[in-house]
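Visitor: model this:
(one chain, ligands or ions: 1)
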Amino acid sequence: MKNFVLTVSCKSTRGIVAAISSYLADKGCNIIDSSQFDDLDTGKFFMRVSFISEEGLSGADIDPGFAAVAAPFEMDYDFHDSEKRMKVLLMVSRFGHCLNDLLYRWKIGALPIDIVGVVSNHFDYQKVVVNHDIPFHHIPVTKANKAQAEAHIMEVAEQTGTELIVLARYMQILSDEMCQKMSGKIINIHHSFLPSFKGANPYKQAYQRGVKLIGATAHYVTADLDEGPIIEQDTARITHAQSPDDYVSIGRDVESQVLARAIHAHIHHRTFINGNRTVVFPASPGSYASERMG
Ligand SMILES: Nc1nc2c(c(=O)[nH]1)N[C@@H](CN(C=O)c1ccc(C(=O)N[C@@H](CCC(=O)O)C(=O)O)cc1)CN2
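Guide: You can find the predicted model right below:
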């Protein structure tokens, strides 16, 4: 039986859950997991429903009739086939720990995505990418060629049908145009516990501040540098005796875990951008299972 996910957002009002659950039941679908959130500050409602069709219906059978349910509530909604892998373009500069971690998770099936390519402004990771039979695109960036380089990146994204771009320690600021065009479809890992220490060299900033915790933040990318809606964060303890280089070493695992959790949430349609915040629903049972143990 096929598994689908329905994502809904709309103005909060009475009867939404009843309308959705009745429609799915009438279509012979069984709800196996459901999450909802009512933002009392904004009056917005968010819902994620995971369901199976007990009559073997396809998305094409289920989706069209829902329009009549959605219209009175002015719902923004999407039906997602849980088996369909999201096309993801990874981007990296000189620090490859997040890239390597993502490649490993993808290889053992823990991150069920279709990696359509890796873009880098350096050659450091060309071999490891090619060894995974993934296309590698070297797109060097200078102050003089930023616009052309970004046009090349967007060309790769369009030609591959990219649905999500992941900045896995890609250290170039993206243009407002690209952020707008790919709004909600670019995730960055920032190596600090935002909003502390935005921009370049956050570990150096943290050292100079004398912090006792360092952290990592995965967020959607917007034109406002490192201010996009936060998806996932975590921290690690450090001491007075450690240096910024120690922070880099300690931070690697935190950054990799935080980014992987954020991508897992996004590809399973558990994230909803809510102004400058992100609603992140819990994982459905079984969604962390690896297709094969590495
Ligand atoms: N439009 C956005 N672009 C990027 C964001 C973002 O939130 N909005 N996040 C950054 C990632 N980042 C920190 O996590 C970051 C990367 C790079 C820089 C920076 O100053 N880069 C310089 C060039 C540095 C170099 O060549 O080594 C620059 O682009 O001029 C700051 C923060 C990714 N992009």
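Visitor: mind listing the helices for the stretch 101-250 of the chain?
Guide: Counting by DSSP state H, counting those that start in this stretch, residue ranges of the helices within the stretch 101-250 of the chain are 126-131, 146-160, 176-181, 202-209, 244-267.
Visitor: got those as CSV, with mean neighbour count columns?
Guide: (Each C-beta comes from the backbone N, C-alpha and C, glycine too.) Shown next, in CSV, are these (neighbours: other C-beta atoms under 10 Å):
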stretch, mean neighbour count
helix 126-131, 14
helix 146-160, 16
helix 176-181, 14
helix 202-209, 17
helix 244-267, 20
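Visitor: compare these and report which one is nearest to Met1.
Guide: Of all the helices of the stretch 101-250 of the chain, helix 244-267 sits nearest to Met1, with 20.9 Å by C-beta to C-beta.
Visitor: could you confirm whether the closest one reaches the ligand?
Guide: No: judged by C-beta under 6 Å from any ligand atom, helix 244-267 makes no contact with the ligand; its nearest approach is 9.7 Å.
Visitor: need the next SSE after that helix, C-terminal direction.
Guide: Sequence order places strand 271-274 as the next helix or strand after helix 244-267, per DSSP states H and E.
Visitor: strands paired with the very next helix or strand once past that following strand, and their directions?
Guide: As assigned by DSSP H and E, the chain's next helix or strand after strand 271-274 is strand 277-280. Taking DSSP bridges as the criterion, strand 277-280 forms sheet pairs with strand 271-274 (antiparallel).
Visitor: now do the partner strand: everything it contacts.
Guide: 7, 9, 39, 42, 44, 46, 48, 184, 220, 229, 231, 262, 265, 278-281 (C-beta atoms under 8 Å, 6 or more residues apart in numbering).
Visitor: quick one on the thing from earlier: can you tell which of the helices of the stretch 101-250 of the chain is closest to Ile108?
Guide: Using C-beta to C-beta, the nearest of the helices of the stretch 101-250 of the chain to Ile108 is helix 244-267, at 12.0 Å.
Visitor: just give me how far that closest one sits from the chain centre.
Guide: With C-alpha atoms, centre = their mean, to the nearest Å as the basis, helix 244-267 stands 13 Å off its chain's centre.
Visitor: ok, stretch 92-99 next?
Guide: The answer for stretch 92-99 is 17 Å, by C-alpha atoms, centre = their mean.
Visitor: what about it, how long is it end to end?
Guide: End-to-end span of stretch 92-99 (C-alpha to C-alpha, to the nearest Å): 7 Å.
Visitor: can I get the helices of the stretch 101-250 of the chain in JSON lines including mean pLDDT?
Guide: Listed next are those as JSON lines, based on pLDDT from 0 to 100:
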{"stretch": "helix 126-131", "mean pLDDT": "98"}
{"stretch": "helix 146-160", "mean pLDDT": "97"}
{"stretch": "helix 176-181", "mean pLDDT": "97"}
{"stretch": "helix 202-209", "mean pLDDT": "97"}
{"stretch": "helix 244-267", "mean pLDDT": "98"}
